[in-house]
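# Task: produce atomic coordinates for the following.
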Amino acid sequence: MRGMNAISALPRDSRDTLFLLLVIAWVVLPQVGNLPLWCTGLSAGVLLWRGWLAWRARPLPSRWWLAALLAVTLAATWATHKTLLGRDAGVTLIVVLLALKTLELRARRDAFVVFFLGFFTMLSNFFFSQSLLTAAAMLIALLGLLTALVNAHMPVAPQSALPEAAKIAGGMALLGAPIMAVLFLLFPRMAPLWGVPSDAMAGRSGLSASMQVGTMAQLALDDSIAMRVRFEGPPPQQQDLYFRGPVLSRFDGREWRPQYSEFSLQPPSDLQVSGPAVNYQVTLEPSNRPWLLTLDATPQRPTLAGMDAAMTPDLQWLASRPVSDLLRYQVQSYPQFRYGPQQADTKSSISLQPYLDLPPSYNPRTLQLAADIRRAQPSANTAALVTLVLERLRTGGYSYTLDPGVYGRDTADEFWFDRKEGFCEHIASSFVILMRALDVPARIVTGYQGGELNGVDGFWVLRQSDAHAWAEVWQAGRGWTRVDPTGAVSPGRVGSFQRLQAPSGVVGTVLGTVSPDMAKRLRAAWDAVNNGWNQWVLNYSQGKQLNLLKNIGFTDPDWEDLGKLLAGLLVLATLGGAAWAQWERLQHDPWLRLLDAARRKLLKAGITPPPNAPPRELAALLPQHPAIQQWLLQLEAQRYAPPTAHTPHSLAALRRSFKSLAWPH
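I've put the predicted structure just below:
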């Protein structure tokens, strides 16, 4: 309370400046995670300095201070980003320049520059995130900047000036909302305007273009959403939800990489599908990668707008460009399929030799284990060998952990004989190495497995923590077959019993402790709200615009129809605004308008009455016109006669008689 009283006692300029600084801090706050540390510190220091100057009514610093800080900003930006152009460097500069400009608030013109820099900085938040939380924060920032702008135009007023300005700003935002909605729905969709998310998956769960085994001592689960899936019919079982990503076949002893660097324009000729299809819709979050995650196997190109896609010989679908914005596509997959050469001596163009290669002098104990197995089971086929190795994983004391420590040079040896623990990359890699040592073609497939059904909106949600690695082995007569060795070590990892959970933060931890069911329901509701934002706002595409025109009666809509509709709505809005302005003008006091008409008649006759002369005073100026005098006195009585007096003439009657009077010329 004492602080509020102290603020109320400040001069109007100081209070307005403190409010503007608070709004600027709110605009910049969501950017903190995207800005260099020095930029955040410098901006915060400048804003606090300016607030202290306003509080103490101290003079602003000289321009030499500003020039020095600007030079430091330019040098630090160049040192950090190696350029002064581009998204990251540009946002860094605009944030610091906004803070520095507050040190020049000497006139209204300076304030206007700060306002519009604030609007631009507010928009730059969407370069990094278009989430619902960002949009809500920027809506508050918009109302704050509008309030400050309106407040700057208001005359010196008592303490209620800021609430009044906020009321006007809110009204302006509400009046602009219908126009914003129409432009959002009908303005032609263009290429994505915002920035591309950075690819920073190292040390966190999620997909990568390669897999370096054993270099991370601990895997931090990333709880962010990777994709959402909605099935048109009954979905497959949760343990069968394997969404295919990069297929890794080349191994140098430490790192697995894809066999193919470029994708084929045609799907593999030996892919055969059977049984019922599974139809579903995927909403893929930005990844800055061209991967289109689909269930096995998807012979036909996913239906997506704005880009092409093709399948690699490994059954992975790739888009024609990186997915830098939210992407939605329709998929038809067949869980029952065959793929790959049926016999080892086939004339297929796809050779099996790359899937048997192992780097020399790596993992000698694993190679010896394979030799021992082959010696003990000389006639065992691929299926028998797979069963034997999976049984070893189930019964040999192996465990699944997210904290296995850093592995050494021979990762498979350490897993099979020493540590006997790891997460899915260790298990899949060690399994594939052992299978290749047994002369069984094998490779690693990465992607997402499982997910969780959101009961609020019916979407399956797959998070980065659902990223997974499994294996495929080749069997004669069957081709490539999926084998998930992690399921042998930890069955719950690929089923519905034990999903990986990332730390949920302080609020989530407290809610989970008090009421786990409530925490789960709140999370599902929030995911559903975010999904609605993604589906209806961020993913409002060109196709949806044309579908909207179809729904309102256009048979074959195109951009010309869209332009005509938008132009027609703009004309209607203009006519509506003109009609509203005319109606508002007619709502002015009709008695005053009639008196003003009489005054204009006198001015036209060369008689100049006082500006605020009442009807009686006007009548005194017309001794030669008794009819006009009487009309003016009746006009006065109509307004001011007491209720007990003779009933005055109605305003409508006075308006009619006004037209019949012989006014002087």
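# residues contacting Leu654?
Residues touching Leu654, when contacts are defined by Cβ atoms under 8 Å, 6 or more residues apart in numbering, comprise 594, 631, 634-635, 638. For glycine as for every other residue, the C-beta is placed from the backbone atoms N, C-alpha and C.
# Tell me, how many residues neighbour the closest residue to Phe119 other than its chain neighbours?
Spatially, and ignoring its direct neighbours in sequence, Phe119 is nearest to Leu145 (6.0 Å; Cβ to Cβ, 6 or more residues apart in numbering). Applying other Cβ atoms under 10 Å, we find 23 other residues in the vicinity of Leu145.
# separation between Leu145 and Asp314?
Look at Leu145 and Asp314: by Cβ to Cβ, to the nearest Å, they are 51 Å apart.
# Repeat that for Arg106.
From Arg106 across to Asp314, the span is 65 Å (Cβ to Cβ).
# do the same with Leu632
Using Cβ to Cβ, we find Leu632 at a distance of 96 Å from Asp314.
# Pull the contacting residues for Leu143.
Leu143 makes contact with 166, 169-170, 173, according to Cβ under 8 Å, 6+ apart.
# most surrounded residue in those residues?
Neighbours here mean other Cβ under 10 Å. Within these, the largest count is held by Ala169, at 20 neighbours.
# so what's that one up against?
Neighbour list for Ala169: 143, 146-147, 149-150 [criterion: Cβ under 8 Å, 6+ apart].
# Now, the residues you listed that are in helices?
Secondary structure assignment by DSSP state H places 143, 146-147, 149-150 of the contacts of Ala169 in helices.
# And those, which is closest to Trp291?
Here the nearest of these to Trp291, counting by Cβ to Cβ, is Leu143; it sits at 39.7 Å.
# still on that earlier bit, contacting residues around the residue nearest to Phe119?
When contacts are counted by Cβ under 8 Å, 6+ apart, Leu145 is found next to 23, 27, 115, 118-119, 122.
# where do the helices sit along the stretch 501-650 of the chain?
Listed from the start of the chain, the stretch 501-650 of the chain has helices (DSSP state H, counting those that start in this stretch) covering 505-514, 516-533, 542-551, 559-586, 590-604, 615-620, 626-640.
# so for stretch 478-492, what's the average pLDDT?
For stretch 478-492, mean pLDDT is 87.
# from the chain's centre, how far out does it sit?
The chain centroid and the centroid of stretch 478-492 are separated by 35 Å, computed with Cα atoms, centre = their mean, to the nearest Å.
# Equivalent analysis for stretch 442-458, please.
22 Å.
# one step back: with the contacts of Ala169 in mind, which one is nearest to Ala99?
Among these, and counting by Cβ to Cβ, the member closest to Ala99 is Leu149, at 18.5 Å.
# that older thread, most neighbours, which of the contacts of Leu145?
Note: the member of the contacts of Leu145 with the most neighbours is Val27, at 27 neighbours, neighbours being other Cβ under 10 Å.
# Could I get the contacts of Ala169 in CSV, plus columns for pLDDT?
Output for those, formatted as CSV (pLDDT from 0 to 100):
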residue, pLDDT
Leu143, 88
Leu146, 87
Thr147, 87
Leu149, 84
Val150, 84
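# Let's see if you can find the most crowded of those.
Taking other Cβ under 10 Å as the neighbour criterion, Thr147 ranks highest of the contacts of Ala169 with 24 neighbours.
# ok, of the contacts of Leu654, which one's closest to Gln330?
Taking Cβ to Cβ as the measure, Gln330 sits nearest to Leu594 out of the contacts of Leu654, at 68.1 Å.
# Leaving out chain neighbours, which residue sits closest to the closest one?
Distances taken as Cβ to Cβ, 6+ apart put Arg655 closest to Leu594, at 6.2 Å, once the chain neighbours are dropped.
# Helix, strand, or coil at the one you found?
Secondary structure for Arg655, judged by DSSP: H, G, I helix; E, B strand; the rest coil, is helix.
# Please work out how many residues are found near it.
By other Cβ under 10 Å, neighbour count at Arg655 equals 15.
# Verify the stated contact: it with Arg593.
No - under the criterion of Cβ atoms under 8 Å, Arg655 makes no contact with Arg593, lying 9.4 Å away.
# for the ones in helices among the contacts of Ala169, which one is nearest Asp589?
Of all the ones in helices among the contacts of Ala169, the one sitting nearest Asp589 is Val150; the distance, using Cβ to Cβ, is 27.0 Å.
# Distance of that closest one relative to Ala169?
Following Cβ to Cβ, the distance that separates Val150 from Ala169 is 5 Å.
# Same question for Ala44.
Counting by Cβ to Cβ, the separation of Ala44 from Ala169 is 26 Å.
# And Leu117, by the same measure?
For Leu117, the distance to Ala169 (Cβ to Cβ) stands at 18 Å.
# Going by residue numbers, what spans are helices in the stretch 151-300 of the chain?
Here the stretch 151-300 of the chain has its helices, by DSSP H, counting those that start in this stretch, at 161-186.
# so where is it shaky, pLDDT-wise?
For the stretch 151-300 of the chain, the stretches with pLDDT under 70 are 155-160, 187-206, 214-222, 261-267.
# swap the cut-off to 80 and go again
By pLDDT under 80, the weakly predicted segments of the stretch 151-300 of the chain are 152-163, 176, 179-208, 214-224, 260-269.
# What ranges does it have for its strands?
Remark: strands of the stretch 151-300 of the chain, listed N- to C-terminal, are 211-212, 225-231, 242-251, 255-258, 272-274, 278-284, 291-292, 294-295; assignment by DSSP state E, counting those that start in this stretch.
# can you list these in CSV and add distance to Gly86 and mean neighbour count?
Output for the strands of the stretch 151-300 of the chain, formatted as CSV (distance: least, Cβ to Cβ, whole Å; neighbours: other Cβ atoms under 10 Å):
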stretch, distance to Gly86, mean neighbour count
strand 211-212, 29, 18
strand 225-231, 27, 21
strand 242-251, 29, 23
strand 255-258, 30, 18
strand 272-274, 46, 14
strand 278-284, 26, 19
strand 291-292, 25, 24
strand 294-295, 34, 24
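# so which of the ones you listed gets nearest Ile607?
Between Ile607 and the strands of the stretch 151-300 of the chain, the tightest spacing by Cβ to Cβ is seen for strand 278-284, at 76.3 Å.
# what's the angle between that closest one and strand 242-251?
Regarding strand 278-284 and strand 242-251, their directions subtend 70 degrees when assessed with axes from the mean of the first three to the mean of the last three Cα atoms, to 10 degrees.
# Does the spatially most central residue of the chain fall in a helix, a strand, or a coil region?
Among the residues of the chain, the smallest C-alpha distance to the mean C-alpha position (Cα atoms, centre = their mean) belongs to Gln130, namely 2.5 Å. Judged by three-state DSSP, the three-state class of Gln130 is coil.
# so how far is Val95 from it?
As defined by Cβ to Cβ, Gln130 lies at a distance of 19 Å from Val95.
# Next up, the contacts around Leu207.
Per Cβ under 8 Å, 6+ apart, neighbours of Leu207: 201, 226, 245-246, 287, 289, 291, 446-448, 467.
# Now Asp325: which helix or strand?
When secondary structure is defined by DSSP states H and E, Asp325 falls outside every helix and strand.
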